[in-house]
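**Q** coords below, sequence missing:
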DNA sequence: GCATCTAAATAGGGTTAATCTATTTAGATG
DNA sequence: CATCTAAATAGATTAACCCTATTTAGATGC
């Protein structure tokens, strides 16, 4: 149990610096008896004399207290720094932002976002954690991350969301596929074909849900949790796929050409959102990052 | 103006360490609403959210507060150290003792005192300041020193004194002096002889006062503020002197033999005292040093 | 799905502590 | 010796702190 307060130390140091209780009182905008009582109490609580009172000529620190006074100064300085740190994190845009990101979104969007952030807010350090939607949501709840960049799908309660981009799913075909000749493709045309499913939550249920909402059931020929593997399998003619993430370039890692076609059906788009805890008021850094995201994605959409 | 208290930080850290307000309350022996209110107030005062509340599963620190929490821990640790420092300086005998010493007393008495102190209280560091009686007294008032080793002569008001040793003045003669043959000497015999005066305050007035109290006036042939120079001048036959400090050995720095004789007259002895400020309650270290002094000087007297 | 459990928030009241103004004490100074 | 300066004290007011009792709300088990 601590037997002193920072306020008391402030008073003490002011007394020593000004050389009198009156001076300290003036400096700190309190009355002289306030100082007198506070110092007396501090001396009692610590069980040591701190000041020598010279009636008409102020006070001086007593020899045995010199070492305590030194530590008290350190303590007050650290306290001031703590205060400053809290203040500046409220006003200036300096500090660390921890961002959780649904892993498949990261390679496509984060490089551009980070570049923008560094440009506009060079003093903000971004710490990125990549994981599943579930992991991101848990990170938010655990306080590990302040914001999450996710699809607005299967998110738990208690999160606020800022929609950033609405993406229509697209069909991937090997360029040699018979349907590749068409400009648009319908779910009906695809339903009987072998499909390569991106098998990660929540994408899995989203893609299969597209068919089910139209009364079809896709034929899953292959599953993979890796976007690049899915593209590779499609490139090698093992089936078509439906994806929302579209990397620049239509070539797979092993050099095959892909044909990418829009869906004819009007389906529910995937929504990329920035989310955070409802119970956690976003700070200035979070707000800054939200603006950067909004700018960046609105530019992507146009 | 600091907008937080150490108590609040204690509560905060306890919440984080125990993971719940209830746990913190139990740990710190206060009620749960006390913690709740204190944290809420702290968050308001600092303008930042610190904890994420999960209704039935306690709290976690929020990401943006991680850095603040780190500093808060430092602050609390330093505060605990400060407290410990104050506590131990009250009980254990560890620390620094600043001693003012009337310079002529130093070479005779301090070596033995310091050796004893080191022996009995090895963790007490002694800082010695040598100066005039006046300087020592001012050092006490200024808080530079805690104790003073002085003659109880011409001391200002406001000091308490512990008498350590009562010393009779002694007559110094060149060994070849005509009076050196006598076992004792009276002031009357000396009054007409040339005198070498140790000319430092308060010794000066003490020595001349010895004669004046008997109705004589000494013939001052030489003056010096240095004890060794006085002894040297006497050794070379330039006069007698009266001193209270008697170094071991009756040879001057330049090799002359001195004769040292007691005074026949009953005069006021010089009293060596340990003094301190009346307004300043002596600490444990001061008390320890006083005991060491009492032991040492009582041994000298016997 | 409903009851139970856990933990945080809120309400209301009582006690302590901090601060104020006014006055007194006491050493320093001319 | 009167005056000045600064600390200490007295007494009253206010704010802060902490308590018990209760409510809210999410999590968990049957």
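**A** Yep, it's here. Remember, it's a predicted structure, so these values are computed and weren't measured experimentally. Residues are numbered from 1 along each chain as shown, chains lettered A, B, ... in the order given.
**Q** contacts for stretch A:41-52?
**A** A:3-4, A:8-9, A:11-12, A:15-16, A:39, A:59-62, A:64-65, A:68-69, B:83, B:86-87, B:89-90, B:141, B:143, B:277, B:279-281, B:283 (C-beta atoms under 8 Å, 6 or more residues apart in numbering or on different chains). C-beta here means a position set from N, CA and C on the backbone, and glycine is covered the same way.
**Q** try stretch A:65-83
**A** Residues contacting stretch A:65-83 (C-beta under 8 Å, 6+ apart): A:6, A:9-10, A:12-13, A:16, A:46, A:48-51, A:61, B:2-4, B:46, B:68, B:71-72, B:74-75, B:78-79, B:81-82, B:85-86, B:89, B:95-96, B:143.
**Q** picking up where we left off before, of the contacts of stretch A:41-52, which ones also sit close to DNA strand D?
**A** Near DNA strand D, taking C-beta under 7 Å from any atom of the strand as the test, the members of the contacts of stretch A:41-52 found are A:39, A:59.
**Q** can you tell me which residues contact residue A:208?
**A** Counting by C-beta under 8 Å, 6+ apart, the residues that residue A:208 touches are A:197, A:218.
**Q** rerun at 10 Å
**A** By C-beta atoms under 10 Å, 6 or more residues apart in numbering or on different chains, residue A:208 lies in contact with A:195, A:197, A:216, A:217, A:218, A:220, A:242.
**Q** please name the bridge partners of the first one.
**A** Residue A:195 has the following beta-bridge partners by DSSP bridges: residue A:220, residue A:240.
**Q** that older thread, the contacts of stretch A:41-52 in strands, which ones?
**A** Under the assignment DSSP state E, the contacts of stretch A:41-52 contribute A:59, A:60, A:61, B:277 to strands.
**Q** in CSV: those, plus neighbour count and pLDDT.
**A** Below are these laid out as CSV (neighbours: other C-beta atoms under 10 Å in any protein chain shown; pLDDT from 0 to 100):
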residue, neighbour count, pLDDT
A:59, 25, 94
A:60, 18, 93
A:61, 21, 94
B:277, 23, 90
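**Q** what subset of the contacts of residue A:208 is buried?
**A** A:195, A:197, A:218, A:242 (16 or more other C-beta atoms under 10 Å in any protein chain shown).
**Q** thought the first one was touching residue A:239?
**A** Yes. Assessed by C-beta atoms under 10 Å, residue A:195 is found in contact with residue A:239 at 5.3 Å.
**Q** overlap of the contact sets of these two?
**A** Residues within reach of residue A:195 and of residue A:239 at once, by C-beta under 10 Å, 6+ apart, are A:218, A:219, A:220, A:221, A:222.
**Q** pretty sure the last one is in a strand, no?
**A** So that's residue A:222. Yes. Per DSSP: H, G, I helix; E, B strand; the rest coil, residue A:222 lies within a strand segment.
**Q** circling back: just the buried ones from the contacts of stretch A:65-83?
**A** A:6, A:9-10, A:12-13, A:16, A:46, A:48-51, A:61, B:2, B:4, B:46, B:68, B:71-72, B:75, B:78-79, B:82, B:85-86, B:89, B:95, B:143.
**Q** so which of the residues you listed sit within helices?
**A** A:6, A:9-10, A:12-13, A:16, A:46, B:46, B:68, B:71-72, B:75, B:78-79, B:82, B:85-86, B:89 (DSSP state H).
**Q** would you map the strands across chain A?
**A** A:51-53, A:59-61, A:95-102, A:124-131, A:147-151, A:159-167, A:170-174, A:194-198, A:219-224, A:241-243, A:258-262, A:270-277.
**Q** near chain B, which residues of the stretch 201-302 of chain A?
**A** Proximity of the stretch 201-302 of chain A to chain B, by C-beta under 10 Å from any C-beta of the partner chain, involves residues A:276, A:277, A:279, A:280, A:281, A:282, A:283, A:284, A:285, A:286.
**Q** can you rerun that using 7 Å?
**A** A:277, A:279, A:280, A:281, A:283 (C-beta under 7 Å from any C-beta of the partner chain).
**Q** closest one to residue A:130 out of the contacts of residue A:208, please.
**A** residue A:197 (21.0 Å; C-beta to C-beta).
**Q** list the contacts of the closest one.
**A** A:204, A:207, A:220, A:223 (C-beta atoms under 7 Å, 6 or more residues apart in numbering or on different chains).
**Q** quickly note the distance from it to residue A:134.
**A** Residue A:197 sits 19 Å away from residue A:134, going by C-beta to C-beta, to the nearest Å.
**Q** on that earlier part again, for the contacts of residue A:208, give me a markdown table that also has pLDDT.
**A** A markdown table is the format used below for these (pLDDT from 0 to 100):
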| residue | pLDDT |
| --- | --- |
| A:195 | 96 |
| A:197 | 94 |
| A:216 | 93 |
| A:217 | 93 |
| A:218 | 95 |
| A:220 | 93 |
| A:242 | 95 |
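**Q** would you pull up the residue in the stretch 51-200 of chain A closest to DNA strand D?
**A** residue A:56 (3.3 Å; C-beta to the nearest atom of the strand).
**Q** tell me, how many residues neighbour residue A:37?
**A** 12 (other C-beta atoms under 10 Å in any protein chain shown).
**Q** and which of the contacts of residue A:208 is nearest residue B:31?
**A** Taking the contacts of residue A:208 together and measuring to residue B:31 by C-beta to C-beta, the closest member is residue A:197, at 55.1 Å.
**Q** for the residue nearest to residue A:269 when sequence neighbours are not counted, name its beta-bridge partners.
**A** Leaving out its chain neighbours, the residue that sits closest to residue A:269 by C-beta to C-beta, 6 or more residues apart in numbering or on different chains is residue A:166, at 4.5 Å. Residues in a beta bridge with residue A:166, per DSSP bridges, are residue A:271.
**Q** residue A:166 - how many residues pack around it?
**A** Residue A:166: 15 neighbours (other C-beta under 10 Å).
**Q** distance of it from residue B:167?
**A** Distance from residue A:166 to residue B:167, by C-beta to C-beta: 101 Å.
**Q** which segments of chain A make up each domain?
**A** A:6-90, A:95-166+A:270-301, A:169-262 (automatic domain parsing).
**Q** is the first one anywhere near DNA strand C?
**A** Think domain A:6-90. Yes. Domain A:6-90 comes into contact with DNA strand C (C-beta under 7 Å from any atom of the strand), by way of A:7, A:29-34, A:37-38, A:41, A:54-57.
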